[in-house]
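Visitor: Requesting a structural model of the entry that follows:
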Amino acid sequence: MDPQAEIAKRDARIRQLEEFAKKSEVARIKETYEKIVKDVKKDRDQARQDADEKIKALKAEVDKLRQIKTLTEEVSHLRQSTEGPSSATVTPPKSGRMGDPTTPGTNGDGEMIPMSRAQIEYSERKYTALKEESARQKLQLELLNAQIHADQPSKQFIAVQWNQLRDHVRQLSLERFNEVKPLDTLSKEDERTLEKLSIHYRTFLSTDRMPCYLFRSLIWRLLCDHLFVNFSRVWGPQMCEHLSTMGNALWKRGKISQIEFQRWRMQTARLVHKSYEVDEPTIDEMAAKIHDTMVRFAPSDALKLHDNIREIVRLAADMSSTFARTKVIPMMTNEPRSELTHGFQCNVNTMNEAGQVIKDGKVSLMITPCLLERDGDDYSLLVKADVIS
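Guide: Coordinates of the predicted model:
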């Protein structure tokens, strides 16, 4: 081959490779540029989104402050108006809910309307009541937080804890067990269960707005039978067995008094409370047992019912731990060491009469237990029981 032709061919090949290299470099640069642009755009969009969220949060905070300012101005207007004549025209504040029909002094169109002194005083009382209720709830919360792990809970703490459990039981009975139930749908097992609570259970089941009391009583009876019968159950079967064995051994020796035994029980329970948490498998077991009974009377949405009952059992377990560490005990009979749950005269010293079904002066149903403080063989009342005669 001609050397000149070979050189020309080689030069052409070099130019071709250089051209390819240039194109590849351009493509690589273009790809890098597009990636950079994409990343910048992504970062810009993220920054814009973050800024929008911050602006939204700030706007919400501003709206909240405006509402507080509006409420303060409304209360100020109301207070000023109470010092005026018996009827006054209230001017709504400049900022806030001009068109809100709930705003005192305005109608739905934001127009001023006259308010009588009685209306103003009613609004003032409502505001004061809400403020006092908020303060009361805040005090209860602080009390619970301060003493939740206390060795020896105070009587005030025990009452708050008990009322919380009682409210949960009451709410469940109203939501799930307050419908009149046909008597012919009851099984023999159902009848035996309810008859233990009251011989007048048929009247409760067939009377409007009365079934909830019967089933509220049943929930409390199941808590007493499965949990409160032995306070140490909340720490699990092994610890419960150890404490029961030791307690029985000490008591059977007959060498210590009732008061000495009570002191040993409370001090031991306080040490266990410091060292052990409430046993969750025990909570699950107790909740399952109570659910198996209650679901027979309200079979719909059984899963939600189980969750509600477990929440109640969890509160009851905390209550049981409190009982173990104090002198306080629950009682769902007419008197200590008795098994009588109905058919006795109402004791006004330990019971609140919530209503009457059979007007013979005798208790036909114990709705809730009472709380007693036991000191040896002496008892004093902490919280009354609710009963129906």
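Visitor: Around the closest residue to Ile290 other than its chain neighbours, how many other residues sit close by?
Guide: Excluding the flanking residues, the one nearest Ile290 by Cβ to Cβ, 6 or more residues apart in numbering is Leu222, at 4.6 Å. All C-beta spots, glycine's among them, are computed from the backbone N, C-alpha and C. Residues near Leu222, counting by other Cβ atoms under 10 Å, number 22.
Visitor: was I right about Leu222 contacting His291?
Guide: No: with contact defined as Cβ atoms under 8 Å, Leu222 does not count as touching His291 (9.6 Å).
Visitor: circling back: mind checking how far the residue nearest to Ile290 is from His242?
Guide: Using Cβ to Cβ, to the nearest Å, one obtains 26 Å as the distance from Leu222 to His242.
Visitor: How about Ala135?
Guide: Taking Cβ to Cβ, one finds Ala135 at 44 Å from His242.
Visitor: Neighbour count for those two, which is higher?
Guide: His242 (15 against 10).
Visitor: Which of the residues in the one helix or strand the more buried one maps to are classified as buried?
Guide: Element membership of His242, judged by DSSP states H and E, is helix 237-253. Across helix 237-253, burial judged by 16 or more other Cβ atoms under 10 Å covers Met239, Cys240, Leu243, Gly247.
Visitor: cool, and stretch 208-225?
Guide: Neighbour-count burial for stretch 208-225 [16+ other Cβ under 10 Å]: 210-224.
Visitor: ok, of the residues you listed, which one's closest to Phe157?
Guide: Leu223 (19.5 Å; Cβ to Cβ).
Visitor: name the helices or strands packed onto whichever strand or helix holds that closest one?
Guide: If you go by DSSP H and E, Leu223 is part of helix 211-223. On a contact count with 3 or more Cβ pairs under 8 Å, 6 or more residues apart in numbering; DSSP states H and E, helix 211-223 meets helix 155-176, helix 188-195, helix 201-206, helix 280-294, helix 302-325, strand 365-366.
Visitor: Quick one: mean pLDDT over stretch 13-27.
Guide: When pLDDT is averaged over stretch 13-27, the result is 71.
Visitor: Equivalent analysis for stretch 376-389, please.
Guide: The predicted model assigns stretch 376-389 a mean pLDDT of 90.
Visitor: Need the distance between the two termini of that stretch.
Guide: 31 Å (Cα to Cα, to the nearest Å).
Visitor: Same check on stretch 285-302?
Guide: 16 Å.
Visitor: Show me what that stretch is in contact with.
Guide: Residues outside stretch 285-302 that contact it (Cβ atoms under 8 Å, 6 or more residues apart in numbering): 176-177, 181, 187, 189-190, 193, 215, 218-219, 222-223, 226-227, 233, 305-306, 309-310, 313, 317.
Visitor: What are the neighbouring residues in contact with the residue nearest to Ile290?
Guide: Lys289, Ile290, Thr293, Met294.
Visitor: Skip the chain neighbours and tell me the closest residue to Arg233.
Guide: Nearest non-adjacent residue to Arg233 (Cβ to Cβ, 6+ apart): Cys240, at 5.0 Å.
Visitor: How confident was the prediction at the residue nearest the centre of the chain?
Guide: Closest to where the C-alpha atoms of the chain average out (Cα atoms, centre = their mean) is His168, at 7.5 Å. His168 is assigned a predicted lDDT (pLDDT) of 95.
Visitor: again with Thr72
Guide: 65.
Visitor: ok, so of the buried residues of stretch 208-225, who is nearest His273?
Guide: The closest of the buried residues of stretch 208-225, once distances to His273 are taken by Cβ to Cβ, is Leu223, at 19.6 Å.
Visitor: so who does Asp360 touch?
Guide: Contact analysis of Asp360 by Cβ under 8 Å, 6+ apart lists Ser389.
Visitor: How much space separates it from Asn347?
Guide: Taken as Cβ to Cβ, the span from Asp360 to Asn347 is 15 Å.
Visitor: Same question for Glu285.
Guide: Distance from Glu285 to Asn347, by Cβ to Cβ: 34 Å.
Visitor: before we move on, what about Gln161?
Guide: 24 Å.
Visitor: Between the two, which is the more surrounded one?
Guide: Counted by other Cβ under 10 Å, Gln161 and Asn347 do not tie: Gln161 has more neighbours, with 20 against 14.
Visitor: list the contacts for the more buried one?
Guide: Leu144, Pro153, Leu315, Asp318, Met319, Thr322.
Visitor: Could you give the number of residues near the residue lying closest to the third one once chain neighbours are set aside?
Guide: Okay, so that is Leu315. In this structure, Leu315 finds its nearest non-sequential neighbour in Leu165, 4.5 Å apart by Cβ to Cβ, 6+ apart. Applying other Cβ under 10 Å, we find 19 residues neighbouring Leu165.
Visitor: Pairing-wise in the sheet, spell out the partners of Ile329.
Guide: Leu372 (DSSP bridges).
Visitor: Adjust the sequence numbering to begin at 38 for everything that follows.
Guide: In the new numbering, first residue 38, that becomes Ile366.
Visitor: can you pull the pLDDT of it?
Guide: Value for Ile366, per-residue pLDDT: 92.
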